[in-house]
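Engineer: Could you work out the structure for the sequence below:
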Amino acid sequence: MKKVAIVGVGLHPFGRFGDKTFQQIGQEAVRMALKDANITWPDIQIAYLSSQYLPSTAAGRVLKPLGETGISLVDVEAACASGGVAVRQAIQAIQSEYCDLALAVGVEKMPRGFMDPMANFEQWQVYMGLSTNPSYWAMTARRHMHDYGTTELQLAKVAYKNHKNSVDNPYSMYQKEFRIEEIMASPIVCDPIHLFEICAPNEGAGAIVLCPWEKAHKYNSKPIAVEACVHTVAMYSSDFRVPIESMSARITNPGPTEAASEKAYKAAGIGPEDLDLVELQDTDSFCELMLYEELGFCKVGESGKLIDDGVTEKNGKLPVNVSGGLISKGEPVGASHLGQIAEIVWQLRGQAGKRQIPDAKVGLAHVLGARGNCAVTILKK
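Structural biologist: Alright, predicted model coming up:
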């Protein structure tokens with residue numbers, strides 16, 4: 001399979017930007033990525049735009065003002081994994097030799113408040129309950145606490161770590177450190193999840209330029225190799241967040257994160273022990289703990305020990321969410337994975353400033369969303 005490189009990245013800050021349009025937000029990220037790749041818009045031969053909340057033909061609305069070049073502008077959507085699909089499609093366009101320069105861009109301008117469950121589930125599922133994000137996150141957390149002794153303090157430690165990391169990230173919505181006591185005293189959203197332990201939907205954009213590896217140095221002196229980019233959907237019910245549509249009698253039923261990461265590790269020829277940093281889907285602080293286990297960083301039930309031992313701290317053995325994660329950055333759904341990739345590219349290039357992980361060579365980005373949509377991308381220096 002043809003090897004693909006990232007030669008340009010761009011990121012519009014995540015947050016709330018008033019009357020600024022999604023077109024303006026997206027165009028800023030794209031222009032930054034083009035400049036980083038030392039190219040102009042007419043050089044791009046195909047573009048994929050990921051979003052969940054933008055109107056139809058968003059790709060054309062965002063990208064056509066950059067110039068009428070007549071290329072294919074493709075809209076993609078896969079819940080919180082939307083950005084992963086845009087990247088994978090761009091990679092496949094290059095590997096099929098359809099083009100040499102492809103753009104993947106994620107853009108979002110989301111309404112305030114919890115995501116509308118009607119956008120992701122059937123009406124009968126919503127009416128039966130369990131379809132509002134914090135409710136099923138909280139129940140999953142409580143079950144883990146019951147089975148393995150995970151504590152509220154360990155959840156707070158995840159949020160403490162990510163808020164602390166956000167202080168050095170100018171692209172983050174929140175750039176403030178909180179004491180553990182402040183986090184645990186913040187209002188309950190859905191027991192045991194507190195306000196400072198949960199992400200906010202918001203606005204932002206990310207963009208990357210990709211090309212064949214053998215041509216990468218033509219555009220950038222520090223290209224980053226895409227070792228794997230996998231998108232999966234849960235084979236059966238991904239969890240009990242809503243009344244399930246199917247059940248499996250199999251003894252083991254790996255979830256979407258386990259399935260996607262297994263394929264990604266195999267494609268990249270590495271294991272979790274080879275990673276230098278990770279950006280993952282911390283929609284709430286317990287979700288990060290759960291993903292330590294599902295991504296293979298520790299055995300099931302041992303994620304609390306990982307956070308207690310400081311393994312995932314910025315100066316730990318495996319730094320996780322040195323950007324501040326979604327808890328600090330917020331989650332503009334269509335842009336989320338592109339933001340993770342931009343962070344890892346900067347880290348692998350040695351361009352992450354105060355967030356820099358020394359001698360980082362391999363990074364993993366992970367997103368997970370409704371109906372078991374999951375994407376895992378592995379990048380290598």
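
Engineer: Correct me if wrong: Lys381 contacts Lys361.
Structural biologist: Yes. Using CB atoms under 8 Å, Lys381 is in contact with Lys361, at 4.5 Å. Placement of C-beta: from N, CA and C, glycine included.

Engineer: and those two? which has more neighbours close in?
Structural biologist: Here Lys381 and Lys361 are compared on neighbour count by other CB atoms under 10 Å; more neighbours surround Lys381, at 18 against 14.

Engineer: do you know how far Trp346 is from Ala268?
Structural biologist: As judged by CB to CB, to the nearest Å, Trp346 and Ala268 stand 20 Å apart.

Engineer: Check Gln123 too.
Structural biologist: Going from Gln123 to Ala268 by CB to CB gives 41 Å.

Engineer: picking up where we left off before, can you pull the residues that touch both of Lys381 and Lys361?
Structural biologist: Both Lys381 and Lys361 are contacted by Leu348, under the criterion CB atoms under 8 Å, 6 or more residues apart in numbering.

Engineer: Which helix or strand contains Leu153?
Structural biologist: Using DSSP states H and E, Leu153 sits in helix 152-166.

Engineer: For Thr232, give me the backbone phi and psi.
Structural biologist: Per-residue torsions, Thr232: phi -130, psi 160 (degrees, to the nearest 10).

Engineer: what's near enough to touch it?
Structural biologist: Pro256, Ala259, Ala260, Lys263, Gly372, Asn373, Cys374, Ala375.

Engineer: Over to the closest residue to Asn120 other than its chain neighbours: give its phi and psi.
Structural biologist: In this structure, Asn120 finds its nearest non-sequential neighbour in Ala370, 3.8 Å apart by CB to CB, 6 or more residues apart in numbering. In terms of degrees, to the nearest 10, the main-chain angles of Ala370 are phi -60, psi 150.

Engineer: Okay, now the unreliable bits of this structure?
Structural biologist: For the chain, the stretches with pLDDT under 70 are 236-253.

Engineer: max-length strand in the chain?
Structural biologist: With DSSP state E applied, the strand covering the greatest number of residues in the chain is identified as strand 4-15.

Engineer: can you give me how far the helix or strand where Arg143 lies is from the chain middle?
Structural biologist: Following DSSP H and E, one finds Arg143 within helix 133-148. Relative to its chain's centre, helix 133-148 lies at 21 Å (CA atoms, centre = their mean, to the nearest Å).

Engineer: tilt between that helix and helix 152-166?
Structural biologist: Angle, helix 133-148 to helix 152-166, by axes from the mean of the first three to the mean of the last three CA atoms, to 10 degrees: 130 degrees.

Engineer: Who are the packing partners of helix 133-148?
Structural biologist: Helices and strands touching helix 133-148, by 3 or more CB pairs under 8 Å, 6 or more residues apart in numbering; DSSP states H and E, are strand 188-190, strand 193-194, helix 285-294.
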